[in-house]
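Trainee: the sequence isn't on hand, but the structure is:
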């Protein structure tokens, strides 16, 4: 197939491009590079089946020729990014999704929306099944991302119901791995970089809040299965094994050999206290569940960041 990946230069988008090309698809990668990194796609510069287009999908999207599928990953996705770019985050969730859906309708292409576990907000149901409607503060600082994705889901379902478009909605839980940015505000990259530099690991609150961490290779496998075999219903893709943030910090210290301390800072506004996917739907409909353990995934990610820190002149642990 010939596929369009928006947000192609991002952490997840670039890994997705790699996997789709490995499956012999032709890929058009689109990104405005507001948070994406050209280095994530540099190895594909001369790939015969890959084309990169620098474009903001919040404006009209034109892709000449046939398009069989659109995988819409364009959006700032880390807390630092969507707090720095609140209006572009809302625009890409609303206008960008509308434009991508319009292109899918024109091309008669399958459409996959990269949504997020943030649609559940600070959940009152645990773990979170797809049937849970969420507990989101629409006017809080995180609302620009949460509500952009909730609107994007509603728009996707409207196109599915009204235009009979073949759609998928992917709800992504915390994912980590190589190509994460060292200062993107995500907890795994924060801890690893701090540990490798011998800096204190910053825990917000007392570190008792929980997260579920999925290694990127597992997530990409889930995305491929959902795109190929899924239904229009939202589907959680994530690792159901739950850890406290403090436990994660301790694992990073152990695996890096760092002697850094753990320090506590005030909790951000509307920070979720629990986050764990119910993946029963993905197990039964896609035959998918994660395979990579937290320790193994952290080892691979630490190895990647050792190179990043070394190139930046940071001190190793």
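Mentor: Sure, I can see it. A quick note: this is a predicted structure, and the numbers were derived from the prediction, not measured.
Trainee: quickly list the domain ranges of this structure.
Mentor: Listed domain ranges for the chain are 2-175+215-237, 177-211+241-277+292-311 (source: automatic domain parsing).
Trainee: what's the most buried one of those?
Mentor: domain 2-175+215-237 (a mean of 20; mean count of other C-beta atoms under 10 Å). (Glycine included, C-beta is placed from N, CA and C.)
Trainee: just the helices in this structure please.
Mentor: Ranges of helices within the chain are 11-22, 79-84, 86-91, 97-107, 143-163, 187-196, 216-229, 245-256, 280-286, 294-311, based on DSSP state H.
Trainee: of the ones you listed, which is nearest residue 119?
Mentor: When these are compared by C-beta to C-beta, helix 143-163 sits nearest residue 119, at 5.2 Å.
Trainee: name the helices or strands packed onto that closest one?
Mentor: Counting contacts by 3 or more C-beta pairs under 8 Å, 6 or more residues apart in numbering; DSSP states H and E, helix 143-163 is packed against helix 79-84, helix 86-91, helix 97-107, strand 110-116, strand 167-172.
Trainee: what mean pLDDT does the second one get?
Mentor: I take that to be helix 86-91. The average pLDDT for helix 86-91 rounds to 97.
Trainee: just how off-centre is it within its chain?
Mentor: Centre-to-centre, helix 86-91 and its host chain are 17 Å apart (C-alpha atoms, centre = their mean, to the nearest Å).
Trainee: neighbouring contacts of that helix?
Mentor: In this structure, residues lying in contact with helix 86-91 by C-beta atoms under 8 Å, 6 or more residues apart in numbering are 34, 58, 75-76, 81-82, 144-145, 147-148.
Trainee: for the first one, same thing?
Mentor: Counting contacts by C-beta under 8 Å, 6+ apart, the residues outside helix 79-84 that touch it are 35, 75-76, 89, 141-142, 144-145, 183-186, 268.
Trainee: pick out the most distant pair among the contacts of helix 86-91.
Mentor: It's 34 and 147 that sit farthest apart of these, by C-beta to C-beta, at 19.1 Å.
Trainee: just to revisit the earlier point, tabulate the helices and strands packed on helix 143-163 (JSON lines), appending distance to residue 155.
Mentor: As requested, those are exported to JSON lines (distance: least, C-beta to C-beta, whole Å):
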{"stretch": "helix 79-84", "distance to residue 155": "18"}
{"stretch": "helix 86-91", "distance to residue 155": "13"}
{"stretch": "helix 97-107", "distance to residue 155": "5"}
{"stretch": "strand 110-116", "distance to residue 155": "9"}
{"stretch": "strand 167-172", "distance to residue 155": "10"}
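Trainee: and those: which comes nearest residue 39?
Mentor: Proximity to residue 39 (C-beta to C-beta) singles out helix 79-84 among the helices and strands packed on helix 143-163, at 16.9 Å.
Trainee: follow-up on the earlier one: distance to residue 284 for the domains of the chain - can I get that in CSV?
Mentor: Below are the domains of the chain laid out as CSV (distance: least, C-beta to C-beta, whole Å):
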stretch, distance to residue 284
domain 2-175+215-237, 11
domain 177-211+241-277+292-311, 14
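Trainee: which stretch in those domains has the least confidence?
Mentor: Sorting those by mean pLDDT places domain 177-211+241-277+292-311 lowest, at a mean of 93.
Trainee: work out the gap between it and the centre of the chain.
Mentor: From the chain centre to the centre of domain 177-211+241-277+292-311 is a distance of 16 Å (C-alpha atoms, centre = their mean).
Trainee: span of it from start to end?
Mentor: For domain 177-211+241-277+292-311, the first-to-last residue distance is 18 Å (C-alpha to C-alpha, to the nearest Å).
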